[in-house]
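[1] Sequence and computational prediction follow.
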Amino acid sequence: MKKYDAIVIGAGHNGLTNAAYLAKAGMNVLMVEKNEYIGGATVSRNLHEDWIYSNCSYVCSLLRPEVYRSLDLAKYGLQVVPYGGSVTISQNDDYLASYVDHDASRREMQRHSHRDADAEARYWRDIMRQCRFIRQFLLRTAPDPTSFKPRDLLEMLHLGKEFWKLGEDVLYDTIRFYTMSISDFLDEYFESPLIKAAHAGSGIIGSAMGVMSPGTAYVLLHHAMGDVDGTAGAWGFARGGMGAISKAMGACFEDNGGEILTGSGVEQIMVKNGKVTGVALENGNEYHSDIVVSNMTLPRTFLECMDANDLQPEFLKRVRNFKIRGSSGKLNIALDGLPKITALRDNQEMMHADIHLIDSIERLERAYDDWKDGTWSKDPYIDMIIPTMTDPTMAPPGKHFMSVFVQYVPPKIHGRDWTDADRDAFGETVMNQIENYAPGFKDLVLHAEVRTPRELEDEVGLTEGNIFQGELTMDQLMFNRPIPGYAQYRGPVKGLWMCGSSNHPGGGVMAAPGANAAREILMDQRKPNNVPEGWIDD
Amino acid sequence: MRTVRFDSRDHYRNKVYPSPFHSRQKELNGLKEWSRWFDYLSVPAYTCPTMEYFSGRNTCGVFDITPMVKHLVSGPDALAYMNRLVTRDVAKIKPGRVGYAVWCTDEGQVIDDGTIFHLREGVYRLCSQEHQIDWMMINANGFDVNIIEDTHDVAGLALQGPTSCATLKRMGLTGIEDLTPFGLRYFDLDGIELMVSRTGYTGDLGYELWIDAGYAELLWDRVFAAGELHQIQPMGSDALEMLRIEAGFILAGADFMPAQHTVRPTHTRSPFELGLGWLVDFKKPVFNGRRALLAEKENGSRYALVKLDIEGNKPADSSYVYSSTNKNIGWITSAMWSPSAKKNIALATVETPHGAVGEEMLVEIYYQRELKWSRVKAKARVVKDAFFDPPRRRQTPPADW
């Protein structure tokens, strides 16, 4: 019977990152994946003729450049290309564009509020101060504040030192950032409703909280701390769709001797005498190893793939209470041509941009009211983008792929499961919303993949359809992510590890949880560490 | 001609706009190179930066200052408001006078520097390096003031150099020779109001001319017609940069970071740290940053901005500064060979207690000769005054050349 040095469950980008580092360290690693294809939520699929969709995640900024470089993803075919700006379309036939050109953007804001155009400098300065602080902890394991182990004490000391280095004012701000709502935060800088709405989206994307809910200011940071080639806050496309990232990671893994097994999910993580022994797949096959790394969400790992008898009740209770609420849906649409957004007139430049359909904080909050009420927003917030304006590889010339991210969408409809009819009605709501801004849009639709939290859970494995594998709130961040006492990627059973976004530093196509978990595993195995530290900026 | 319309959503079609003087600049810009100054096209050099520099020291040069951010402050509380905003006592800037000023955050860190023009009793123009309307409005709470940014409504030309007064006299600005440094006066230009201030960014005899943007071309043509016999030249920003370093004037973004743009908290500077302590008037009971600046005055500053006279002739751009005992104490922020002072000069930031006038330092200069890089550690001395400070700068009435 063949025994692997490690088995990694789930070929999403974190699982692949983790597996690649282990394989590079000389370990004999098996990757198991329930779908016929790899990628998880970092995937490109061909569902309609010559179109390729980024089916889940659709833009790239957080992917750690240290990982990109050390896994040599460029060599394995990954290209990340920045795209042009963003635009927020309002219902009164106007818009607020954010151009790549700084002065053009200032003039555009000035059109809506002269003061706000200047306040933007202050706003970004404060955001960037917080991002500089957070960024350095992305590729570090969070210290356990209750531990007296030298490494935890040293790490706590480091955390304290860096925190102190922020200076008095920034220190106050830091605490406020983690506890404030994005709405309150924006009020400190801006007066124009449209400018506030344009900034607010990043505070709620992927989160089952409203713009007025405390904690959403941090979610904004989570979206701002990335970069493309050092341009802070910039976002880009992976050429060929987001699947190009997982494809490159998979190629790196296999190039280092790794083995990928697709088409059958894990039935059970096998445990004997308090130690993991391997995995049993749904197809009946068993694979053995003393190390099993789960890239699945926290609930999926412990509630669905393990025997409750192998776990402590207190731990299980915490897992059940882990906040992982679905809040969003996704439409992937093949278009026969480029839609015309009335308000944009012939501003083709903004058709390359990230397009938001929203007017005000209040409208965003009302969209959230529907979620609380147990249904999808009847007037949803839409974040849509047409990658084929930039990427020539995803649709035939003149045709387009449009990615439509929608919020809010609840994991259940009034407490019951989603039905196909619900899904279709949701899709119709979104299509109609876009049609309102772009008459004739629906006539261009050749094919649409509609994904509610049900599809995100069933097809991708994201519990309740939460795109971050768990809410990004203070109670579930740093040494509290996923749950207190388990923030260092070690599971409650010997040999069991966790490398998914349920772990520090959380969701987004970042590859940091996967990389950090690999570092911990290699340390435990007394193997030389090949996982990079974060690049220092001082 | 007013060339920018922000209320149009089509502004994006151009990323940068012609200045009101563009039609004239285009004719004279032999190098056909343009740079950007916020919303406007600016000329780095028309023919040759060195020749244009010498026009500012030998004859007179004309530089377009329209893109500079301008604000108009008026209303019953205008003076009280200005005194709250900036660190110096604005009451001392009488109508018809101009004063240099800095303004600070609550922590006493410099947000920007600029010039206050007391245009008419109780009406001020504030020119700044950065966009300031948000900060100015934040500060307007509790004051009965009217604040607008009028950058695009006012066209400005700097006319700098020894023959600048003669040029303006020939232009028909009767009595211009009586205008003292930092004075301003109004003239009639074919029925259009022209404001002239004896100010500039060159440390030489010079004036700045301000007119409604709709009459910019008229102003340009009249200035150049009058200056023809006085060897007038258009001047680009490269030449201006040389002139301002020689005068020892600092530049936001080069010699210090404006506080509202500074991400790293310790990278901001106080007025004291920029050698601008003379602009801080503690006799005023209230102004932004007063408490912090008072504490700094008692406890000492972290940095000093110094003027360095460096041995040899190799410009010390981007160099480290060392103490005489070879300890790294700072860095150069602006440097050049001074054609008028015939000195190798620089502005530098050093850690205190270094920076006393007369202190000897070392500057690590990297220089390239036919692609090969070499390094020298040159001796340098802290000097007090501007590197080049001709008497004509203050002389009233000025000579004709």
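    Arrived safely. No experiment lies behind these values; they were computed from the predicted model shown. Numbers count the residues shown, from 1 in each chain, chains lettered A, B, ... in the order given.
[2] Bridged to residue B:185, which residues?
    On the basis of DSSP bridges, residue B:185 is bridged to residue B:196.
[3] do residue B:233 as well
    Taking DSSP bridges, one obtains residue B:61 as the residues bridged to residue B:233.
[4] I'd guessed it sits against residue B:58; true?
    No. Using C-beta atoms under 8 Å, residue B:233 is not in contact with residue B:58; the gap is 9.6 Å. Any C-beta I mention is one placed from the backbone N, CA and C, and that applies to glycine too.
[5] Specify which residue of the two has the higher count of neighbours.
    Each of residue B:233 and residue B:58 has its neighbours counted (other C-beta atoms under 10 Å in any protein chain shown); residue B:233 has more, 23 against 17.
[6] Can you give me every residue that contacts the more buried one?
    When contacts are counted by C-beta atoms under 8 Å, 6 or more residues apart in numbering or on different chains, residue B:233 is found next to B:46, B:51-52, B:55, B:59-62.
[7] and if you look at residue B:393?
    B:181, B:203-205.
[8] Most neighbours out of these, which is it?
    Among the contacts of residue B:393, the one with the most neighbours (other C-beta under 10 Å) is residue B:205, at 29 neighbours.
[9] Skip the chain neighbours and tell me the closest residue to it.
    Excluding the flanking residues, the one nearest residue B:205 by C-beta to C-beta, 6 or more residues apart in numbering or on different chains is residue B:392, at 4.5 Å.
[10] Which residues of the stretch 201-350 of chain B lie near chain A?
    B:260-266 (C-beta under 8 Å from any C-beta of the partner chain).
[11] Could I get those in JSON lines, plus columns for pLDDT and distance to residue B:229?
    Formatted as JSON lines, those follow (pLDDT from 0 to 100; distance: C-beta to C-beta, whole Å):
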{"residue": "B:260", "pLDDT": "95", "distance to residue B:229": "46"}
{"residue": "B:261", "pLDDT": "95", "distance to residue B:229": "45"}
{"residue": "B:262", "pLDDT": "95", "distance to residue B:229": "48"}
{"residue": "B:263", "pLDDT": "93", "distance to residue B:229": "52"}
{"residue": "B:264", "pLDDT": "91", "distance to residue B:229": "52"}
{"residue": "B:265", "pLDDT": "83", "distance to residue B:229": "55"}
{"residue": "B:266", "pLDDT": "90", "distance to residue B:229": "54"}
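[12] which of these are buried?
    B:260-265 (16 or more other C-beta atoms under 10 Å in any protein chain shown).
[13] Spatially central residue (nearest the centroid) of chain B, please.
    Taking C-alpha atoms, centre = their mean, the centroid of chain B lies closest to residue B:201, which sits 4.6 Å from it.
[14] Could you look up the SS state of the closest residue to it other than its chain neighbours?
    Nearest non-adjacent residue to residue B:201, counting by C-beta to C-beta, 6+ apart: residue B:244, 4.9 Å away. Three-state assignment for residue B:244 (DSSP: H, G, I helix; E, B strand; the rest coil): helix.
[15] Tally up the residues packed near residue 106, please.
    You didn't say which chain, so I picked chain A. The tally of other residues near residue A:106 (other C-beta under 10 Å) stands at 20.
[16] Can you look at chain B instead?
    Residue B:106: 11 surrounding residues under other C-beta under 10 Å.
[17] right, and it touches residue B:289 too?
    Yes. Residue B:106 is within contact range of residue B:289, at 6.2 Å (criterion: C-beta under 8 Å).
[18] For chain A, what lies in contact range of chain B?
    Residues of chain A lying close to chain B by C-beta under 8 Å from any C-beta are A:94-95, A:97, A:99, A:101, A:103-104, A:106-108, A:110-111, A:114-119, A:121-122, A:125, A:128-129, A:132, A:166-167, A:169-170, A:345, A:347, A:349, A:538.
[19] Show me those that map onto strands.
    A:95, A:97 (DSSP state E).
[20] how's chain B carved up into domains?
    Using automatic domain parsing, the domain ranges for chain B come out as B:9-63+B:152-246, B:69-144, B:302-386.
[21] Could I get the average pLDDT for the shortest one?
    The reference is to domain B:69-144. Regarding domain B:69-144, the rounded mean pLDDT is 97.
[22] Equivalent analysis for stretch B:179-187, please.
    Taken as a whole, stretch B:179-187 has a mean pLDDT of 98.
[23] now swap in stretch B:156-166 and tell me
    Mean predicted confidence for stretch B:156-166 is 98.
[24] Repeat that for stretch B:7-22.
    Averaged over stretch B:7-22, pLDDT sits at 91.
[25] List the contacts of that stretch.
    Residues contacting stretch B:7-22 (C-beta under 8 Å, 6+ apart): A:94-95, A:97, A:99, A:101, A:103-104, A:107-108, A:111, A:345, A:347, A:349, B:1-5, B:25, B:34, B:36, B:39-42, B:64, B:66-67, B:155, B:157, B:213-214, B:216-217, B:220.
[26] Among those, the buried ones, what's the ChimeraX command?
    Entered in ChimeraX, the line below selects the buried ones among these, by 16+ other C-beta under 10 Å:
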select /A:95,97,99,101,103,104,107,108,111,347,349 /B:3,4,25,34,39,40,41,42,64,66,67,155,157,213,216,220
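[27] would you turn the domains of chain B into a markdown table with distance to residue A:400?
    Supplementary listing: these in a markdown table, determined by distance: least, C-beta to C-beta, whole Å:
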| stretch | distance to residue A:400 |
| --- | --- |
| domain B:9-63+B:152-246 | 22 |
| domain B:69-144 | 37 |
| domain B:302-386 | 47 |
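[28] do you know which of those lies nearest residue B:285?
    Of all the domains of chain B, the one in closest proximity to residue B:285, counting by C-beta to C-beta, is domain B:69-144 (9.6 Å).
[29] do that closest one and chain A meet?
    Yes. Judged by C-beta under 8 Å from any C-beta, domain B:69-144 and chain A are in contact via B:107, B:130-135, B:137.
[30] can you tell me the distance between the two ends of stretch B:247-264?
    End-to-end distance for stretch B:247-264, by C-alpha to C-alpha, to the nearest Å: 29 Å.
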